[in-house]
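J.: Fold the following.
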Amino acid sequence: MKKITLFSDGSALGNPGPGGYGVVLRYEDKEKELSGQEAHTTNNRMELKGAIEGLKALKEPCDVDIVSDSSYVVKGINEWLSGWIKKDFKKVKNPDLWREYIEVAKQHKVHAIWVRGHDGHAENERCDKLARDAAQRAKDNL
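T.: Numbers count the residues shown, from 1 in each chain. Sure thing, here's the model as predicted:
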């Protein structure tokens with residue numbers, strides 16, 4: 001099973017507002033960048049969307065470390081998700097995206113790792129720029 005590191009970040013200009021996500025996928029010495037945007041969204045939705053879109057880009061089952069500055073995403077994946085599933089996502093924000101995450105993650109072995117945002121972590125800074133640029137494109141298209 002290939003070992004992949006998926007760095008991701010999300011951004012919203014206003015919360016809610018135009019938003020974007022940025023992803024850097026790394027396998028050995030190869031990297032791929034992804035980004036996308038939505039016209040009306042929240043920061044947490046874009047944080048989670050980055051992880052989802054990164055996983056969707058993988059073409060085979062992998063051992064994936066998701067590296068994010070979002071406590072919501074990291075704790076959601078590592079701690080809260082099993083309880084949310086048991087209560088069928090009652091009173092959980094963004095159940096549509098969490099269900100999509102479950103679907104795209106099920107073929108992979110996933111572990112999430114939290115890093116402090118805006119703290120000089122090179123890949124997190126790259127993802128932040130990708131996400132902010134995508135959010136700005138969404139704003140410009142309004």
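J.: how about Asn15, what does it touch?
T.: By Cβ atoms under 8 Å, 6 or more residues apart in numbering, the contact list for Asn15 reads Thr42, Asn43. Where you see a C-beta, it was placed from the backbone N, CA and C, and this is true even at glycine.
J.: any idea how far Asn44 is from it?
T.: 9 Å (Cβ to Cβ, to the nearest Å).
J.: now swap in Lys109 and tell me
T.: Lys109 sits 24 Å away from Asn44, going by Cβ to Cβ.
J.: Please apply the same query to Pro18.
T.: Applying Cβ to Cβ, the value for Pro18 to Asn44 is 15 Å.
J.: Let's test this: mean pLDDT of stretch 39-47, rounded?
T.: For stretch 39-47, the mean pLDDT works out to 97.
J.: what secondary structure does the residue lying closest to Leu34 once chain neighbours are set aside sit in?
T.: Computed as Cβ to Cβ, 6 or more residues apart in numbering, the closest residue to Leu34 that is not its neighbour in sequence is Val23, at 4.2 Å. Classification of Val23 using DSSP: H, G, I helix; E, B strand; the rest coil returns strand.
J.: if I read this right, Val23 contacts Leu6, doesn't it?
T.: Yes: using Cβ atoms under 8 Å, Val23 is in contact with Leu6, at 6.5 Å.
J.: what do those two both touch?
T.: Here Val23 and Leu6 share the contacting residues Ala51, Gly54, scored by Cβ under 8 Å, 6+ apart.
J.: now the closest residue to Gly10 other than its chain neighbours, what's its secondary structure?
T.: Sequence neighbours aside, Met46 is the residue nearest to Gly10 in space, at 2.9 Å (criterion: Cβ to Cβ, 6+ apart). Of the three states, Met46 takes helix under three-state DSSP.
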